[in-house]
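> turn this into a model:
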Amino acid sequence: MQHVEGASTSGRPGPLAVYFPSGFQPGRDGSCSWEVHSNTARHNDHIVIARAGDVDFVGSSRSADAEGAPACKYAVGVLDKQTGVLSYAEVGSGSIVRMESRARGVNYGPTGTVTEQDGDIQARILQNKRLVQAFGSTRRKRQLEQKEGAKVGDDNVLAMDAVEDVLAAASDKAALEKMTKDDVLRTVTNIRHIPPHHPEATTASAAYRLEELVPEEAWDALEVSRLKRAMEDESYRDEVLRAKGIFPGVVLDRLALITAPEGPAAQRRLRAMAFLGPLISLYTGRYRLNVEAQKGGLKAVSARTRIQEDVLRGCLDRFYSRAKGEEEGVEVYSRTKEQARMLLLHVLVTALIAEDYSLGARQFEALRAALKLTPQDMVTHYRELGCTCEKAAGDAASPMKQYKVTLLPASAKQPPRTLADMFPKLQLARARAKK
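Predicted structure coming up:
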């Protein structure tokens, strides 16, 4: 291992480490160019800019996230595979820089610093809202939703205006690029706010991958070993896991159907079940969680919710917005409507993986009852994910309609259907005939 002089010893502005709260990943979501601007008059004062398409991501080493003394030190390492030497250097700013999305041409300065006409202001507000919905962090989306919820305007009275704007923009682009109507519709519906997926996939296992649904820090912390023990010990399953609420019944009742727990398919199903339990607990629990440093912090919340700490941390970062509480040392995690919807979609996809990508009528009803949804809500969300839903005969004692849900079922049709083919199609109104 070899230490390399970093910013603290050589005076160079780096190396710097960044993260994107919006979920953008350079390379996977597109290439980007990088710029670093340093204030030589101040120590560790850097601005990092990542330019990706029409959007810039901007971060500062002196942002609110970086205030105060860091809880730990960060380093960046590079391993030379030929020599086997790992070279590392301390992160220059002392902390990881948060990259916020910014639309070009929009003024993000304090209100009133630029004289604008009313039309310019409305255009800027609309552009900013679209930017936040597409690339904003969960905290920024929550702030915008609270602000917009208190007023009524043309943009939220008639949502069709926004759709018409998108279609008009796509139409203008189509005219220049000589696109067909199908090309335009494909462009407009290309972005879907659903869990990570692969539209080109022709098999269920390739369409939604468990490793992309589970937060990275939660993967190894999932309590798969407890479920394996529960498969062999019914008293442990019922008197510990079920009685103490560690796993919901909709998970524990399905363990008996896994007959070869050491196979790769069974291992995937068990891990999905281990993730499904915490997801259901969070979705059916309180939308707001307080983490109080003086009362044990996240560890205390983990004990209260029966969710392993690393799993809880990963889920809070993905499905909740974080804000400082009114009291010192209190952090408040809360869900917006969009975050609750995304959490629910993760529950539904994970449940599908746990059942080997096919929910029977009984499994459908058990999951519906656990989530306290109507059958139609379940069907609507599953179809949004690209699943096929068919009415099925289930428990005759249940007054609810029951369905069978499958994802990309086997078919002799050639070429095979992709996940994109299964998504709901955009419904266009027919033009009225002129009299």
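
> residues contacting the most centrally placed residue in the chain?
Residue closest to the average C-alpha location in the chain (CA atoms, centre = their mean): Arg318, at 5.5 Å. When contacts are counted by CB atoms under 8 Å, 6 or more residues apart in numbering, Arg318 is found next to Pro215. Where C-beta positions appear, they are placed from N, C-alpha and C, glycine not excepted.

> can you pull the buried residues of the helix or strand where it lies?
Here Arg318, judged by DSSP states H and E, is contained in helix 309-319. Of the residues in helix 309-319, those buried under the neighbour-count criterion (16 or more other CB atoms under 10 Å) are 309-316, 318-319.

> domains in the chain, by residue range?
With domains defined by automatic domain parsing, the chain comprises 2-103, 125-188, 204-420.

> mean pLDDT lowest where, among those domains?
Considering those one by one, the lowest average pLDDT is found for domain 125-188, at a mean of 63.

> pretty sure Ala17 contacts Ala89?
No - look at Ala17 against Ala89 with CB atoms under 8 Å: they stay out of range, at 10.8 Å.

> who's in contact with the nearest residue to Thr350 once chain neighbours are set aside?
The shortest distance from Thr350 to any residue that is not its chain neighbour, by CB to CB, 6 or more residues apart in numbering, is 4.7 Å, and that residue is Leu276. Residues counted as contacts of Leu276 (CB under 8 Å, 6+ apart) are 250-251, 347, 350-351, 354.

> what about 10 Å?
222, 247-248, 250-251, 254, 269, 346-355, 367, 370 (CB atoms under 10 Å, 6 or more residues apart in numbering).

> select from those residues every entry located in helices.
With helices identified by DSSP state H, the entries of those that belong to them are 250-251, 269, 346-354, 367, 370.

> can you pick the most crowded of these?
In terms of neighbours by other CB atoms under 10 Å, the ones in helices among the contacts of Leu276 top out with Val349 at 29 neighbours.

> does it touch Leu359 like I think?
No - in this structure, Val349 sits apart from Leu359 without contact. The criterion is CB atoms under 10 Å, and the distance is 11.2 Å.

> what touches both of those two?
With contacts taken as CB under 10 Å, 6+ apart, Val349 and Leu359 have 382, 387, 407 as neighbours in common.

> from those, list just the buried residues.
When the shared contacts of Val349 and Leu359 are checked for burial by 16+ other CB under 10 Å, the buried set is 382, 387, 407.

> how near is the residue nearest to Thr350 to Phe423?
When CB to CB, to the nearest Å is the yardstick, Leu276 and Phe423 sit 23 Å from each other.

> which among the buried ones among the shared contacts of Val349 and Leu359 gets closest to Thr83?
Distance to Thr83, by CB to CB, is smallest for Leu407 among these, at 46.7 Å.

> which residue sits closest to that closest one in space, ignoring its chain neighbours?
Sequence neighbours aside, Ala204 is the residue nearest to Leu407 in space, at 4.2 Å (criterion: CB to CB, 6+ apart).

> how far away is that neighbour from Glu390?
As judged by CB to CB, Ala204 and Glu390 stand 16 Å apart.

> neighbour count for these two, which is higher?
Higher neighbour count among Ala204 and Glu390: Ala204, with 20 against 11, using other CB under 10 Å.

> mind listing the helices for the stretch 251-400 of the chain?
Under the criterion DSSP state H, counting those that start in this stretch, the stretch 251-400 of the chain carries helices at the ranges 264-284, 297-305, 309-319, 337-354, 361-371, 375-384.

> buried ones in the shortest one, by neighbour count?
Which is helix 297-305. If you call a residue buried by 16+ other CB under 10 Å, then helix 297-305 has these buried ones: 298, 300-302, 305.

> ditto for stretch 353-364
353-357, 359-364.

> list the contacts of Arg209.
Arg209 makes contacts with 195-198, 201, 268, 349, 353, as judged by CB under 10 Å, 6+ apart.

> can you check Gly59 too?
16, 18-20, 46-50, 65-66, 93, 96-100.

> ok so it is a strand residue?
Yes - remark: Gly59 belongs to a strand, assigned using DSSP: H, G, I helix; E, B strand; the rest coil.

> show me what it bridges to in the sheet.
Gly59 has these beta-bridge partners by DSSP bridges: Val48.

> where's it relative to Leu252, distance?
The spacing between Gly59 and Leu252, counted by CB to CB, is 44 Å.
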